[in-house]
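In: below are the sequence and a predicted model for it; my questions follow.
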Amino acid sequence: MSLTPVVQLEVTEDHIASESRALSHSWAQPRGVMGFLSEVDHKRIGLRFIITALVFFALGGVLAALMRIQLAVPENQFLGPDLYNQVFTMHGTTMMFLFAVPVFEGLAIYFIPLMVGARTIALPRLAAFGYWMFLAGGVFLYVSFFLNIGPDNGWFSYVPLAGPEFAPGKRSDTWAQLITFTEVASLVGAIVTIVTIFKYRRPGMTLDRMPMFAWAELVTSFMIIFAMPAVMLASTSLILDRLVGTHFFNQAQGGDPILYQHLFWFFGHPEVYLIFLPAQGLMSTLIQTFSSRPIVGYVALVTALVATAFMGFGLWVHHMFAAGLPEIGTSFFTAASMMIAIPSGVQIFCWIATIWSGKVRLEVPMLFALGYFVIFILGGMTGIMVASVPLDLQVHDTYFVVAHLHYVLIGGAVFPLFGALHYWFPKFTGRMPSHRLGLISFWLLFIGFNLTFFPMHQLGLNGMPRRVYTYLPGLGWETLNLAAAAGAALMALGALSIVINAIVSLRRGEMASRNPWNAATLEWSTSSPPPPHNFYPERVIGSRDPLWDDPPDQPIIEGIRSDRREVLVTRLLDAEPDHRYHSPEPNVWPFITAVFTTIMLIGSMYTPWAVVWGSIPPFITLIAWFWPRRTDINDESYPVEKARPQLNEATGPA
Amino acid sequence: MTTRVLDVSRLPSFAFGHRSILWWATMGMILIEGTAFGLLAVSYIYLKWRVPEWPPGFAPPDLVWGTVTTIIILASALPNELARRAAERLDVPRARLWIWVSVIFAIAFCVTRALEFTTLNVWWDSNAYGSIVWFLLGTHTAHVVTDILDTGVLSTMLLIAPIDANRMVDVAENASYYYFVIASWLPIYVLLYLAPRLV
Amino acid sequence: MKRRLAIALLVLTAACERERRDFKLPNGDHLTAATQVSQLQPGAPSPPPVVESPFQDNAYALSEGKRLYSAFNCVGCHAQGGGAIGPALMDHRWIYGSRPDQIFSTIVQGRPNGMPSFAGKIPDQQVWQLVAYVQSMSGNVPKDAAPARNDDMQASKPELRREPKPPVQTGHR
Amino acid sequence: MLQSVLESAGIQAARVESEWWFIFRVTTVVTVIVLAGLAVAVRRGLRGRDTGASEQRMLRYIGIAGAITVVILFAILVRSIFTSRALASERVSDVMQIEVMAYQWWWSVEYQHPEPEQRVRTANELHIPVGKTVAIKLLASDVIHSFWVPSLAGKLDAIPGHEAVLWLRADRAGVYRGQCAEYCGFQHAHMAFVVIAEPPDDFERWIQAQRKTANQPQSPIEQRGLQLVQQRACVMCHTIRGTAAGGRIAPDLTHFATRSTIAAGTLPRTPEHVNAWISDPQAIKPGNRMPTIALAPEDRAAIVAYLEQLR
């Protein structure tokens, strides 16, 4: 007899009401300062990730504006080389490590459980720990910057410029340690996302019924796992070279600066895709909802995501064409870099087909999605150009590449992100965002973006290198740089209008229903904002677009305990119910562990002994974290003898 | 209102192996650190390929302690496996016994590992070869130490903390991670000790 | 509270101090012809002005000093600090004084038996940078500002990892 | 002065330029078609007529579009590989060798010759004969730099411990500006140089002149200038062949007055600029390695007068 029969049962309104009450009680968010620090609710953690990342985005934007002011006219004295170098390094580092990766991580932590129909995220304490590490890393970077210890060797920190001889002081170490902070946060986030997707999907949600955003985050998380260790090694060996005198990158003692570049770009190129892929998931989500039809080519889109991820690891060398590597090798990497355009092309064709065959609603999120097409396609085309070795040797490290990467990353990731934030605003807050302000933001950003970055293509071809703090008059760069500065001002206004929209709508926006956009994914099946336990009652999933296509009489899932934080764990492929799991209760130790880990990491910039002595306090706090408390004990198997009758089911074949 | 209901109340409240979420979390850790070890090994080979002679200017590490460590580390797989099996049977006394035995093994090879560091014949700041040797060995040692501490805490928990079935899942997953520590050592042993002698 | 604030401020300024990149001396460069060559002076003896080194704890100046140390061929006589024709600089023995202003005078005035005078040849700013570096050779600067290893063959431990050797006055003044 | 990828004056840059126009045209056409397709789709979607188009049929079209993408990419790839080959074909051994050593933030240029005294050392300025291939051996003395003259060839990194060779040929006489293209610290922005391509006879005359030692100063003020150069800080870093100045860590000044710029392309070489530079180099190029040297105005004028006659 199956352990999970589908039966006809009487489910009364009273039962539902009392279960709801019990769930609200057992999943209640802790109160007070300690409660704030102990939070394990994935929606809170996810929102913290998103808001913190957006704050860093704003800071990175301010730095970008400073650079545009500095470069608006030739031989400007506004910043000077020392400050400018810190500013552009901080800008790149912030955008890559403190904005782009964490913001998508935050979206994943918030929405993956909602989209797969789970009550919470897997390993919530780990997710909380990840957030505190991310926050600590970001604060650490900006405090360092204001103390004049901000990194100044570019977000790539090439040796020997960032190495022991040419980067005196602690600025380079700040960069290297920031990497460790964000690494920990991203890796933790990746594990949490993978486990949630694999084990917490609602019964009936087989892998081929998963929403596209979940697919995108799954693929991205695997990319993080394989890419991030490379930069961890690069930054660790950099700090070892600087602090204890190892010779990884010292050519006179058998090391090699090129080794650093290989390690960095083995991470650095996949990094681009692990920013880009979640945004592709967002694009599919937006296009489907606002075309009011199921996405065309689901299998093709998933395949494209996976293919992009695989190829993403095969083209890191195209950042090093100018380093004079052997020609045969570079041809291979040219081929790989061009072929990665194929999956992107397929995705774009699928979306155009969806739009073509659907009923399009030009809401603000859809506008951002359409903006993606214009901007990202241009960025993709310049991507093909820089994949060609001869052409890359001309435009590499010029403003052409600056234009290219912003077209790809802002067009390919930030526009879908803003579309998605607008789209999910009612789910976050329970209120609708303002349509009119949304229109203003979109057009300001769209025009401002193109005015800022389109001229940079021409600047690059005219010979303007990247990362210069000033330039001489008479080289034909003045007008284009001035245009870019004007565009940057428009973008700043656009960003401001988004902030205003958020504040105004939060106060006075129209109340949002469960599913204001008439979307098909599960996060819209619960109230806006969702209750702490996300869903009740929960129905078995019967199709890929449950809110559109599921018959109304899908079975209700009953039997998950409401008197404690219990979740249903399902099987990897078919999402058949497997066992019930007692999800961790709120706990302050992840926060304390993050504090001590931070102290250890910062100390290790100054002396290697900090690693030895400094790892003792986090170790002790980890014990406290994992030490079983009364509330954490699984009362159905305590003492352990009580669990014996469950043993066959618990170990038997899945 | 009568409706169709999927009743999950009779499902077990824990699971072992790849059915448990802890197993997947452990696999995630293993993938991350496996990638790190892989890249370290590639860096070692890259540096080796840059110079005509390897190891450059120093004798390769002495075989004795490295080999003893390898033997102990391989032997420690046995108590580890026994602990895992006992855990999956929910046999608390045996799980407790074997996990303590594996802690003793781990401490033993920590000692031989310390001796290993004294017979590397090169310092980390001698040249790039020394740096990568120390880095490889140091990274692996960090994993060993982490695992010992982790196992130690778990063993202590089995003595003094309340034990439910999830604790037994912890023991089983602790064993999976330990297998990774063993498995990652073998290629490093080959790289550090055998490759300079054979090639 | 106030004291805590003061300590915090101190830490902050220390960090700023260490990481400043000064491309010129704050008061501009001046000729070192005014450097006292002799202790003899007319009138009553006035206490010798204690000259503060502007770059004592400054990481950038220390690294510049290290660069100039080999660029100006100090290596030729003092080697990498171990000493050869000239005395060792990484030990604790100081013949002509270990105070920054004394080292400054040694470089500018030159000393008997081979140390040439660099008066007028090396601008004050660079002399101060050399002074700071020379102090770091025996570990007598803060560890977080001292130079790390160079991308070179390694002759000795980088300054950052040297044990501080308290100066001992051996010479005659 | 030219510093543009799209105004090629040499064979290597011309090949890349023609590749650029090829890819540019192809990608422009593709972009226009895709965006037009999107526009049609949005228009149709807005009208929202239920097309009843089967997913099968749409997937077929997507497949066709994907196949066309593959073909286009393959064409670009083949074109690119052929260009690479052509660029490499310029690598011949029997050519004039110039060694360029990149420093933080200037370029030292040395024309190789079997006899050491026939070698020519200059800075931030390369003279090359028109129509002849030259091999530029790139070295880095400190950090990674990148040698880039857009009008003549693509860039190549100068990496410490590695040796790289760039082959280029100028086909039109002219002055081409180049610049460091790898971020290298404070003054990455002011690390320019010029390549002067001139007819072979002119080039020969130039190199013969460069082989001579420095001019002897004539007027009293120039003589005083030389005296100051030899007494003051200049000698610690600069070489002027034929005088006591023999420092090796800064640009060779033997034929200073034949160059068109100072401070690695930062300023045109005029007496006023040279004077301003000596008086406060850190104000003009903050962070560069030339210290501010205290000099009386009349001494500075003498030094400038001396430098200006170093032809």
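Out: Received, thanks.
In: how many residues are close by the residue in the stretch 201-350 of chain A that chain D sits nearest to?
Out: Using CB to the nearest CB, residue A:251 is the residue of the stretch 201-350 of chain A that sits closest to chain D, at 2.7 Å. In this view, the C-beta of every residue, glycine as well, is placed from N, C-alpha and C. Here the number of neighbours of residue A:251 (other CB atoms under 10 Å in any protein chain shown) works out to 20.
In: tell me the contacts of residue A:236?
Out: Residues counted as contacts of residue A:236 (CB atoms under 8 Å, 6 or more residues apart in numbering or on different chains) are A:176, A:180.
In: if you set the cut-off to 10 Å instead, what comes out?
Out: Residue A:236 is in contact with A:176-177, A:179-180, A:183, A:248, A:263, A:604, B:36, B:135, B:139, counting by CB atoms under 10 Å, 6 or more residues apart in numbering or on different chains.
In: out of these, the closest to chain C would be?
Out: For the contacts of residue A:236, the residue nearest chain C by CB to the nearest CB is residue A:248; the value is 11.2 Å.
In: just confirm that closest one contacts residue A:237, I think it does.
Out: Yes - counting by CB atoms under 10 Å, residue A:248 touches residue A:237, with 4.3 Å between them.
In: smallest gap between chain B and chain A, at which residue?
Out: Taking CB to the nearest CB, chain B has residue B:9 as its residue nearest chain A, at 3.0 Å.
In: that residue against residue A:4, yeah?
Out: Yes - counting by CB under 10 Å, residue B:9 does reach residue A:4; the two are 9.1 Å apart.
In: inside helices: which ones of the contacts of residue A:236?
Out: Residues from the contacts of residue A:236 lying in helices, with DSSP state H as the criterion: A:176-177, A:179-180, A:183, A:263, B:36, B:135, B:139.
In: picking up where we left off before, doesn't the residue of chain B closest to chain A fall inside a strand?
Out: No - counting by DSSP: H, G, I helix; E, B strand; the rest coil, residue B:9 is not part of a strand but coil.
In: tally of neighbours for it?
Out: By the measure other CB under 10 Å, the count of residues near residue B:9 is 11.
In: and the contacts of residue A:236, which are buried?
Out: Using 16 or more other CB atoms under 10 Å in any protein chain shown as the burial test, the contacts of residue A:236 include A:176-177, A:179-180, A:183, A:248, A:263, A:604, B:36, B:135, B:139 as buried.
In: and which of the ones in helices among the contacts of residue A:236 is nearest to chain D?
Out: Proximity of the ones in helices among the contacts of residue A:236 to chain D (CB to the nearest CB) peaks at residue A:263, which lies at 15.3 Å.
In: my guess is the closest one meets residue A:179, correct?
Out: No - using CB under 10 Å, residue A:263 is not in contact with residue A:179, being 11.6 Å away.
In: where do the strands sit along chain B?
Out: Using DSSP state E, the strands of chain B run over residues B:2-7.
In: same check on chain A?
Out: With DSSP E as the criterion, chain A has strands spanning A:6-10, A:538-539, A:556-558, A:566-570, A:577-582.
In: just chain C next, same as before
Out: All strands of chain C, identified by DSSP E, fall at C:93-94, C:168-169.
In: ditto for the stretch 51-200 of chain D
Out: Remark: strands assigned in the stretch 51-200 of chain D by DSSP state E, counting those that start in this stretch are D:96-103, D:106-111, D:120-123, D:125-129, D:133-140, D:145-147, D:156-158, D:164-169, D:174-179, D:192-198.
In: just name the most buried of those strands.
Out: strand D:145-147 (a mean of 30; mean count of other CB atoms under 10 Å in any protein chain shown).
In: in its sheet, what does that strand sit against?
Out: strand D:156-158 (antiparallel) (DSSP bridges).
In: contacting residues for residue D:153?
Out: Contacts of residue D:153 (CB under 10 Å, 6+ apart): A:390, A:393-394, D:8, D:10-16, D:87, D:90, D:136, D:147, D:166-170, D:176, D:178, D:195.
In: about what we covered before: can you redo the ones in helices among the contacts of residue A:236 as CSV with pLDDT and distance to chain C?
Out: Converted to CSV, these look like this (pLDDT from 0 to 100; distance: CB to the nearest CB, whole Å):
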residue, pLDDT, distance to chain C
A:176, 96, 13
A:177, 96, 14
A:179, 94, 19
A:180, 94, 18
A:183, 92, 23
A:263, 96, 17
B:36, 97, 24
B:135, 97, 16
B:139, 95, 21
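In: got these as a markdown table, with distance to chain D columns?
Out: As requested, those are exported to a markdown table (distance: CB to the nearest CB, whole Å):
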| residue | distance to chain D |
| --- | --- |
| A:176 | 17 |
| A:177 | 21 |
| A:179 | 18 |
| A:180 | 23 |
| A:183 | 23 |
| A:263 | 15 |
| B:36 | 26 |
| B:135 | 20 |
| B:139 | 26 |
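In: returning to what we had before: spit out the residues that contact residue B:9 and residue A:4 alike.
Out: With CB under 10 Å, 6+ apart, residue B:9 and residue A:4 have common neighbours residue A:559.
In: centroid-nearest residue for the chain?
Out: Using chain A. By CA atoms, centre = their mean, chain A has its centre lying nearest to residue A:104, at 2.4 Å.
In: sorry, should have said chain C
Out: residue C:131 (1.7 Å).
In: ok, residue A:148 - how many residues close by?
Out: Residue A:148: 21 surrounding residues under other CB under 10 Å.
In: what do you get for the one 3 residues further on?
Out: The tally of other residues near residue A:151 (other CB under 10 Å) stands at 27.
In: ok, it - contacts?
Out: Contact analysis of residue A:151 by CB under 10 Å, 6+ apart lists A:85-86, A:89-90, A:92-93, A:141, A:144-145, A:157, A:162, A:167, A:170-178.
In: now it: closest residue in space, sequence neighbours ignored.
Out: Nearest non-adjacent residue to residue A:151, counting by CB to CB, 6 or more residues apart in numbering or on different chains: residue A:175, 3.5 Å away.
In: do residue A:486 as well
Out: residue A:451 is the one closest to residue A:486 (CB to CB, 6+ apart), at 6.2 Å.
In: now for the one you found: which residues touch it?
Out: Applying CB under 10 Å, 6+ apart, we find residue A:451 in contact with A:483-491.
In: what mean pLDDT does stretch A:388-407 have?
Out: For stretch A:388-407, mean pLDDT rounds to 96.
In: contact partners for the residue nearest to residue D:180 when sequence neighbours are not counted?
Out: Excluding its sequence neighbours, the residue lying closest to residue D:180 (CB to CB, 6+ apart) is residue D:191, at 3.8 Å. Each residue near residue D:191 by CB under 10 Å, 6+ apart is listed here: A:465, A:468, D:102-107, D:124, D:145-146, D:178-182, D:184-185, D:263-266, D:285, D:288.
In: again, but for residue A:217
Out: Residue A:217 neighbours (CB under 10 Å, 6+ apart): A:104-105, A:107-109, A:111-112, A:115, A:189-190, A:193-194, A:196-197, A:210-211, A:277-278, A:281, A:305.
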